[in-house]
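1. Fold the following.
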Amino acid sequence: MSRHCLKLIHCVVIAALFAGSGAQWFMLQSVAWTGMLIRFSQQTTFTEAVEKTFDGQHPCPLCSHIANAETQPAIPDAAAPAWESIKGILCHGPAIFRPAWTSVSYPPFISWGPARSALPLTPPPRLAALA
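-> Numbering: from 1, shown residues only. Predicted structure coming up:
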């Protein structure tokens, strides 16, 4: 499989998980709250706008539509297709090839600086205060 095909498969899987978890309603509700907050803040103070947005007493048309859509089933029971009873499908995943192991040799560490043989003074010297 090519790299582009794998990216496409990953995007499809992420989109399916996104839609299957109901995250699209959360994102749409966030858009509705943002619009309500902007609209209410133009009419009142920001504090009152936040209260009106999240109190549930002043829903916008988009909020009402989202609430109705969340309570309705995605597919009515009478029209449910027979493939819903399938629990899973087994298939081969993409093969992952790793490069062969190669060893890298580094030159030995060489210390270029002189070794210090004198011990530090005890206690350490203090800087004289500038006068």
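
2. what are the ranges of the helices in this protein?
-> 3-20, 23-43, 46-54, 61-71 (DSSP state H).

3. The second one vs helix 3-20, what angle?
-> Yep, that's helix 23-43 we're talking about. 70 degrees (axes from the mean of the first three to the mean of the last three CA atoms, to 10 degrees).

4. circling back: relative to Tyr106, which of the helices of the chain is closest?
-> When the helices of the chain are compared by CB to CB, helix 3-20 sits nearest Tyr106, at 32.4 Å. C-betas here are computed from N, CA, C, even on glycine.

5. With mean pLDDT, distance to Leu127 and mean neighbour count as added columns, please give the helices of the chain in TSV.
-> Shown next, in TSV, are these (pLDDT from 0 to 100; distance: least, CB to CB, whole Å; neighbours: other CB atoms under 10 Å):
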stretch	mean pLDDT	distance to Leu127	mean neighbour count
helix 3-20	84	61	10
helix 23-43	88	58	14
helix 46-54	89	55	15
helix 61-71	83	68	12
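
6. Now those helices in CSV, please, with extra columns for distance to Thr122.
-> Putting these into CSV (distance: least, CB to CB, whole Å) gives the following:
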stretch, distance to Thr122
helix 3-20, 63
helix 23-43, 65
helix 46-54, 64
helix 61-71, 74
